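**Student:** What shape does this take:
(chains A and B)
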There are 2 protein chains.
Amino acid sequence: MHPAEFFFQIALILIAARVCAEVAVRLGAPSVIGELAAGLILGPSLLGILEPNEIIRLLAEIGIILLLFEAGSESDLGRLLHAGTRSAAVAVSGFIFPFVMAFALSYYVFHQALLVALFVGGTLTATSIGITVRILQDVGRQNSKEGEIVLGAAVLDDVLGVLLLAMLYDFSKSGHVSLTNVARVSALISVFFVIAPIAAKLLAFMISRYKNRAQTPGLVATTIISLVLIFAWIAHAVGAPELLGGFAAGLALSRRFFLPFGAALAQDHEFSEEVQRDMKPIVQLFTPIFFVVVGLSLDLRAIDWSSPYIWAFSLSLAALAIIGKIAGGYILMTEHWLMRTAVGMSMVPRGEVGLIFAELGRTTGILDPTSYAALVLVIAYTTLFSPFWIKMFYRLYGHRPELALEDELDAGPDPPPREPAETAARSD
Amino acid sequence: MHPAEFFFQIALILIAARVCAEVAVRLGAPSVIGELAAGLILGPSLLGILEPNEIIRLLAEIGIILLLFEAGSESDLGRLLHAGTRSAAVAVSGFIFPFVMAFALSYYVFHQALLVALFVGGTLTATSIGITVRILQDVGRQNSKEGEIVLGAAVLDDVLGVLLLAMLYDFSKSGHVSLTNVARVSALISVFFVIAPIAAKLLAFMISRYKNRAQTPGLVATTIISLVLIFAWIAHAVGAPELLGGFAAGLALSRRFFLPFGAALAQDHEFSEEVQRDMKPIVQLFTPIFFVVVGLSLDLRAIDWSSPYIWAFSLSLAALAIIGKIAGGYILMTEHWLMRTAVGMSMVPRGEVGLIFAELGRTTGILDPTSYAALVLVIAYTTLFSPFWIKMFYRLYGHRPELALEDELDAGPDPPPREPAETAARSD
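**Tutor:** Numbering: from 1, shown residues only, chains lettered A, B, ... in the order given. Got it, this is the predicted structure:
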């Protein structure tokens, strides 16, 4: 590709994302909807002037990893661990319910082959962590109690999705599943999750110490980005989704992350400020590319809208996809129903992992074009409508004491991670 | 390419660039040498663990365009225009001298074919604007009088180089040169250069007006980058090098850029600050990739070092490459010899355009592998040694009144574009 063409494509993506996001917010929708719509408009669904080529996909991958970095850096490990059992319950039940229900629908009602039904079930398992994080940011709930539960659950859920994908891939090729392999990868991912934030913290500490002796400018931008990319690479190497590496690196750089040998590794406040200030424009540059690429990847024109089968199959699957995740939220017996609903709704959007499942099913020939189209449609429903419901839900119930942002009040002297003006605009 | 592999490559480039740059500065060399060395080390010249694939090349292109954006935004159009005739004199003479001398050497002394000699001459014409700008930054001279002359000359010189390349390409394919075509492209480039900064200024003004009504964060990062990329695309569309678009956009955003209808379009100071603050980390992230890729593109191992012909040809060419550009500086009759020398030396580094010439000659089969290798070697000499001479020159003569940074003193109340600590470190 000629550089000029590449520049034009990137500029087109950035401008379309911004214009559509501004329009979306003015129409009362979350801005992420605008960015997804920009992808639908530019891509094969409507105008067809942009195809998600390899380089744009890779830049989008940087976008999702940086978004997870940001989500991690705004999180509080203590609170994530505190929400841990609840997150795990939501993740596991929100993984199993849709899988089993979609499998049953596909296998028993629509009489599809075993492998097809397994892929259909798999496609509905994993929440789109990118879209979920972004919606929570858009409604100003990324630091709420339900936000912490959802973030932890979405991360775990992604791990489960990737493990299932590996298992199904093995199964489709060899006809059996190597449980030792699954156990090995699970163990590696667990070890990664314990060690990565600590290692990232140590590296960030070294960078902050070294800062004053650096002889060339741009230390933060280059070293922190390198740290994030290296951790994404390591995550992939141990069999985890790359974005977990970004999340782990972000968590380590969070101002609320403390190690047992605590204060000795405390970064100076100035350095934390510098990291936040320098990373912000880079994150803001790359993340819209991700959401536009999700939109570009959904080819709504390839779907045969006149087929009753597609409507029946996709709408019943979508219902199960929604019910399954909401049921996952309702597993939290001790919480108020509003909290359970908020958690369940936030888990509904499917995105990247679902698309990867469907794509793998299609390229291996397991899914016929019709089933593939139905799955793409389900992903589109859950991705495009969830932000509206969630926004409406918080407009109706966001002031209720059961959903109060009380944790914000006792978060200590740290300033809130986003500037008030931005949060106000986003939660508008 | 798998995303994880891509992340690893980018992280490797960023980390190697930083480590080598820090080592270079501690050894008394400019940091750009470190970044070029990082490319030589990682690339085919030494370790061979990284090849400059398409995506890395495209990111490097963003790097050079953003570097030119930065150079433009730190420039003063009034002073550039004031240096205009001198820049033009330096550009034209520093273009003709090396071309004629290298052509003569190749054609009459080494008895090469006409087309080969034309390509050899062409390869030596264009100064590497990227390396020149970076060296001037490294020695803290980007805002000096000679810096302005050199910047203008390097920009013009790049335009001449691209025009010559287009002519030679035509000639090699059809056996004749369409002068009307050259005249048309020259006219378009001239029009671009007059209109682009004004258009960019108007767009930047609109962005700054719109800023307070934006509903989604990240306005500056996404819109200014889009502006730069669109202008690079337009520059290419009119037949100019893409980096001119970046330069024009930067110039328009310079705090010292005024339009005839002046004050009405004055951006608020806060917006200028925001642009500088948000663009800095992005520029710092992408520019090292460019210099590492230049290093990756020089395959010193492919050169047959035992061939006396290569030594004779490349060393005599390198001498002409240096003499030609220094003579270009000495065309400035009214300046002190120190100023002429500073200007001439700064014009010596060849880089991207030279490599494009050599590469085109090789892929079209005009240059045999030996001549190609000799040209790569000449580019390597001028690129790798110039920063040392220039740094040494300023260490010896930088305090002389003829090279004083007096213009800095009457630049008005604006703060200097770089933080003092950085400038101090760079000019160390």
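**Student:** for A:Leu360, what are its contacts?
**Tutor:** Applying CB atoms under 8 Å, 6 or more residues apart in numbering or on different chains, we find A:Leu360 in contact with A:Phe119, A:Leu165, A:Leu168, A:Tyr169. Heads up, the C-betas are built off the backbone N, CA and C, glycines and all.
**Student:** got the phi/psi numbers for the closest residue to chain B within the stretch 101-250 of chain A?
**Tutor:** Taking CB to the nearest CB as the measure, the stretch 101-250 of chain A has A:Gly218 as its residue closest to chain B, at 2.9 Å. When quoted as degrees, to the nearest 10, the phi and psi of A:Gly218 stand at phi 90, psi 20.
**Student:** ok, the residue nearest to it when sequence neighbours are not counted to B:Tyr397 distance?
**Tutor:** Leaving aside its sequence neighbours, A:Gly218 sits nearest to B:Gln284 (CB to CB, 6 or more residues apart in numbering or on different chains; 2.9 Å). Using CB to CB, to the nearest Å, one gets 30 Å for the distance from B:Gln284 to B:Tyr397.
**Student:** of the two, who's got more company?
**Tutor:** Neighbour count, other CB atoms under 10 Å in any protein chain shown: between B:Gln284 and B:Tyr397, B:Gln284 has more, with 23 against 14.
**Student:** roughly how far apart are A:Ala373 and A:Trp305?
**Tutor:** 10 Å.
**Student:** For those two, indicate the residue with more neighbours.
**Tutor:** Applying other CB under 10 Å to A:Ala373 and A:Trp305 shows that A:Ala373 carries more neighbours, namely 23 against 10.
**Student:** Any idea how many residues pack against A:Phe97?
**Tutor:** Residues near A:Phe97, counting by other CB under 10 Å, number 22.
**Student:** In which helix or strand does it reside?
**Tutor:** Secondary structure from DSSP states H and E places A:Phe97 in helix A:84-104.
**Student:** Beyond the helix or strand A:Ile282 falls within, next helix or strand please.
**Tutor:** Per DSSP H and E, A:Ile282 falls inside helix A:269-297. Counting by DSSP H and E, the element after helix A:269-297 in chain order, helix or strand, is helix A:308-330.
**Student:** List the buried residues of that following helix.
**Tutor:** Within helix A:308-330, the residues that qualify as buried are A:310, A:313-314, A:316-318, A:320-322, A:324-330, counting by 16 or more other CB atoms under 10 Å in any protein chain shown.
**Student:** Who are the packing partners of that helix?
**Tutor:** Under the contact criterion of 3 or more CB pairs under 8 Å, 6 or more residues apart in numbering or on different chains; DSSP states H and E, helix A:308-330 touches helix A:84-104, helix A:337-346, helix A:369-397.
**Student:** Would you format the ones you listed as JSON lines with mean pLDDT and distance to chain B included?
**Tutor:** Below are those laid out as JSON lines (pLDDT from 0 to 100; distance: least, CB to the nearest CB, whole Å):
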{"stretch": "helix A:84-104", "mean pLDDT": "88", "distance to chain B": "23"}
{"stretch": "helix A:337-346", "mean pLDDT": "85", "distance to chain B": "20"}
{"stretch": "helix A:369-397", "mean pLDDT": "84", "distance to chain B": "13"}
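**Student:** Put together CSV for these, with distance to B:Leu202 on each row.
**Tutor:** Output for the helices and strands packed on helix A:308-330, formatted as CSV (distance: least, CB to CB, whole Å):
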stretch, distance to B:Leu202
helix A:84-104, 50
helix A:337-346, 43
helix A:369-397, 35
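**Student:** between those helices, which one is nearest to B:Pro401?
**Tutor:** helix A:369-397 (65.1 Å; CB to CB).
**Student:** in the closest one, what's buried?
**Tutor:** So for helix A:369-397, counting by 16+ other CB under 10 Å, buried means A:371-384, A:386-387, A:390-391, A:393-394.
**Student:** Enumerate the residues of the stretch 51-200 of chain A near chain B.
**Tutor:** Taking CB under 8 Å from any CB of the partner chain as the criterion, the neighbours of chain B within the stretch 51-200 of chain A are A:Glu54, A:Ile55, A:Arg57, A:Leu58, A:Glu61, A:Ile62, A:Ile65.
**Student:** so which two of the residues you listed are the farthest from each other?
**Tutor:** Using CB to CB, the two most remote members of these are A:Glu54 and A:Ile65, lying 16.7 Å apart.
**Student:** which of these two has more neighbours?
**Tutor:** Neighbour count, other CB under 10 Å: between A:Glu54 and A:Ile65, A:Ile65 has more, with 32 against 12.
**Student:** Now for that one: which residues touch it?
**Tutor:** By CB under 8 Å, 6+ apart, A:Ile65 lies in contact with A:Val228, A:Leu229, A:Ala232, A:Glu242, A:Leu243, A:Gly245, A:Gly246, B:Phe7.
**Student:** For the closest residue to the fifth one other than its chain neighbours, what is the enclosing helix or strand?
**Tutor:** Leaving aside its chain neighbours, A:Leu243 sits nearest to A:Leu68 (4.4 Å; criterion: CB to CB, 6+ apart). Using DSSP H and E, the element containing A:Leu68 is helix A:54-73.
**Student:** just how off-centre is that helix within its chain?
**Tutor:** Put simply, helix A:54-73 sits 10 Å off its chain's centre (CA atoms, centre = their mean, to the nearest Å).
**Student:** what does stretch A:69-88 give?
**Tutor:** Relative to its parent chain, stretch A:69-88 has a centroid offset of 14 Å by CA atoms, centre = their mean.
**Student:** residues in contact with it?
**Tutor:** Stretch A:69-88 has contacts (CB under 8 Å, 6+ apart) with A:133, A:142-143, A:145, A:148-153, A:155-156, A:197, A:228, A:246-254, A:256-258, A:275-276, A:279, A:283, A:287, A:332, A:335, A:407, A:411, A:417-418.
**Student:** change it to 6 Å
**Tutor:** Residues outside stretch A:69-88 that contact it (CB atoms under 6 Å, 6 or more residues apart in numbering or on different chains) are A:133, A:148-149, A:152-153, A:228, A:246-247, A:249-251, A:253-254, A:256-257, A:283, A:332, A:417.
**Student:** Can you pull the poorly scored residue ranges out of the stretch 201-350 of chain A?
**Tutor:** Applying pLDDT under 70 to the stretch 201-350 of chain A flags the ranges A:255-268.
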